[in-house]
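S.K.: What follows is a predicted structure for the sequence shown.
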Amino acid sequence: MAAFIIRRIAQALVVLLIMSVLVFAGVYLIGNPVDVLISPDATQAIRQQVIEQYGLDLPIWQQYLHFLQRLLSGNLGNSFVFNMPVGTLIAQKLPATLELTLIAVFFASAVGIPLGVYAGYKPDSKLSRLIMAASILGFSVPTFWIGLMLIMVFAVQLGILPAGGRGATRELFGVPFSFLTLDGWSHLLLPALNLSLFKMAMMCRLAASGTREVMLTDTIKFARAAGISEGTILRRHVLKLISIPLVTVFGLELGSTLAFALVTETIFSWPGLGKLIVDSITSLDRPVMVAYLMLVSALFVVINLCVDLAYAALDPRLRHGSR
């Protein structure tokens, strides 16, 4: 098991190194932040001073080495626009995005998996057909449209939930969270629901197809022949057999939800990383853009590493076979 973990960590580090090259090249070869940072009326001497100050006159490979050196030392640089450390800027916005993402993904899993298992266990029932039809809508309807409809119904017409913002927060270990207050929950419900619907539909259909396939295997037939109750069969056999694809989707969707919560955060004015990255792209704030992309890449790599380790824990054949 130790060799398996070391090998996966080494692979993760290689992926992060490759991603750093791609992210740096993709961001630093597009646009010129000097045009945004300096007034068009500035003299050539002032422009040259700013270019040298930010190291924009160096070759691209030398800029990358400086960036990699700062990254390894934990220094993400200073924002061109906000004139403050990028790490501090991201740390201020990250808790809000993490809170929204985790609640949305866990809610999608807690609702989607049981519904999918039921739909796969009794595929011919009316409720199962209704569940599968609703999951198709979850895939088909755009997220931004659902968000606008949620605001129109619950905030405008019914007036029972706020249309945006984060609401009151309470600190936990020095970090503000909304789920610790009732007002925070009222602001959190609509964006979390909007962000979770697509994931819920995916988890539901995956669990339904996996359950339907497992129910036809010899394992289930032998379990029923042995007189094991249906509840025990679902808990000990079906859920265990469909757990690996569910763990895969859970890990990938956790990363993608964190990376692409931009639309939901914009619609509901949620003060997370979404608005920060939009403002950074508009102003060509390269350090913030690179730091955000590297953060997302690192989260994907870490999540995939955790998924691989979960595979090995769920099915020992995987780690033994990798030897």
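M.R.: Received, thanks. Numbers count the residues shown, from 1 in each chain.
S.K.: Name the residues of the helix or strand containing Arg7 that are buried.
M.R.: Using DSSP states H and E, Arg7 sits in helix 2-28. Going by neighbour count (16 or more other C-beta atoms under 10 Å), the buried part of helix 2-28 is Phe4, Arg8, Ala12, Val15, Leu16, Met19, Ser20, Val23, Phe24, Val27, Tyr28. The C-beta positions use only the backbone N, C-alpha and C, and glycine is treated the same way.
S.K.: Which one among these sits at the bottom for pLDDT?
M.R.: Across the buried residues of helix 2-28, the member with the lowest pLDDT is Phe4, scoring 69.
S.K.: Lowest mean pLDDT among the helices and strands of this structure, which one is it?
M.R.: Lowest mean confidence among the helices and strands of the chain (mean pLDDT, DSSP states H and E): helix 316-321, at a mean of 55.
S.K.: for the helix ranked longest in the chain, packing partners?
M.R.: Criterion DSSP state H: the longest helix present in the chain is helix 86-121. Contacting helix 86-121 under the criterion 3 or more C-beta pairs under 8 Å, 6 or more residues apart in numbering; DSSP states H and E are the following elements: helix 126-140, strand 175-177, helix 182-214, helix 243-259, helix 262-267, helix 273-282, helix 286-314.
S.K.: Figure out which of these is closest to His237.
M.R.: Among the helices and strands packed on helix 86-121, the nearest to His237 by C-beta to C-beta is helix 182-214 (7.3 Å).
S.K.: Check the model's average confidence along the closest one for me.
M.R.: 88.
S.K.: how big is the angle separating the next helix or strand after it from helix 182-214?
M.R.: Sequence-wise, the next helix or strand downstream of helix 182-214 (DSSP H and E) is helix 218-225. If you take axes from the mean of the first three to the mean of the last three C-alpha atoms, to 10 degrees, helix 218-225 sits at 90 degrees to helix 182-214.
S.K.: Just after helix 218-225, pick out the following helix or strand.
M.R.: Following helix 218-225 in sequence, per DSSP H and E, is helix 230-232.
S.K.: what's the average pLDDT for that next one?
M.R.: Rounded mean pLDDT across helix 230-232 is 80.
S.K.: Roughly how far does Met203 sit from Leu284?
M.R.: Met203 sits 38 Å away from Leu284, going by C-beta to C-beta, to the nearest Å.
S.K.: what about the two, which has more around it?
M.R.: Between Met203 and Leu284, Met203 has the larger neighbour count (other C-beta atoms under 10 Å), namely 27 against 19.
S.K.: Leu98 versus the nearest residue to that one once chain neighbours are set aside, what's the distance?
M.R.: Closest residue to Met203 apart from its sequence neighbours, by C-beta to C-beta, 6 or more residues apart in numbering: Gly112 at 3.3 Å. Per C-beta to C-beta, Gly112 is found 21 Å from Leu98.
S.K.: Between the two, which is the more surrounded one?
M.R.: Higher neighbour count among Gly112 and Leu98: Gly112, with 27 against 17, using other C-beta under 10 Å.
S.K.: does the more buried one really touch Leu197, like I thought?
M.R.: No: assessed by C-beta atoms under 8 Å, Gly112 is found out of contact with Leu197, at 9.6 Å.
S.K.: before we move on, the earlier item: just the buried residues of helix 2-28 now: which is nearest Gly55?
M.R.: When the buried residues of helix 2-28 are compared for distance to Gly55 (C-beta to C-beta), Tyr28 wins out at 10.7 Å.
S.K.: List the contacts of the closest one.
M.R.: Contact analysis of Tyr28 by C-beta atoms under 8 Å, 6 or more residues apart in numbering lists Ile60, Gln63, Tyr64, Arg286, Val290.
S.K.: tell me which of those residues is nearest to Phe106?
M.R.: For those, the nearest to Phe106 is Val290 (29.9 Å; C-beta to C-beta).
S.K.: out of everything not next to it in sequence, what's closest to that closest one?
M.R.: The shortest distance from Val290 to any non-neighbouring residue, by C-beta to C-beta, 6+ apart, is to Val27 (5.2 Å).
S.K.: Let me have the helices and strands packed on helix 86-121 in JSON lines, adding distance to Leu68 as columns.
M.R.: Below are those laid out as JSON lines (distance: least, C-beta to C-beta, whole Å):
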{"stretch": "helix 126-140", "distance to Leu68": "40"}
{"stretch": "strand 175-177", "distance to Leu68": "29"}
{"stretch": "helix 182-214", "distance to Leu68": "33"}
{"stretch": "helix 243-259", "distance to Leu68": "22"}
{"stretch": "helix 262-267", "distance to Leu68": "27"}
{"stretch": "helix 273-282", "distance to Leu68": "20"}
{"stretch": "helix 286-314", "distance to Leu68": "11"}
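S.K.: most tightly surrounded among the ones you listed?
M.R.: Stretch with highest mean neighbour count among the helices and strands packed on helix 86-121: helix 182-214 (a mean of 22; mean count of other C-beta atoms under 10 Å).
S.K.: Helix 86-121 and that one, what's the angle between them?
M.R.: Using the same axes, to 10 degrees: helix 182-214 against helix 86-121 is 40 degrees.
S.K.: ok, now how distant is the residue most central in space within the chain from Ala104?
M.R.: Nearest residue to the geometric centre of the chain (C-alpha atoms, centre = their mean): Leu258, 2.3 Å. Note on Leu258: its distance to Ala104, by C-beta to C-beta, is 10 Å.
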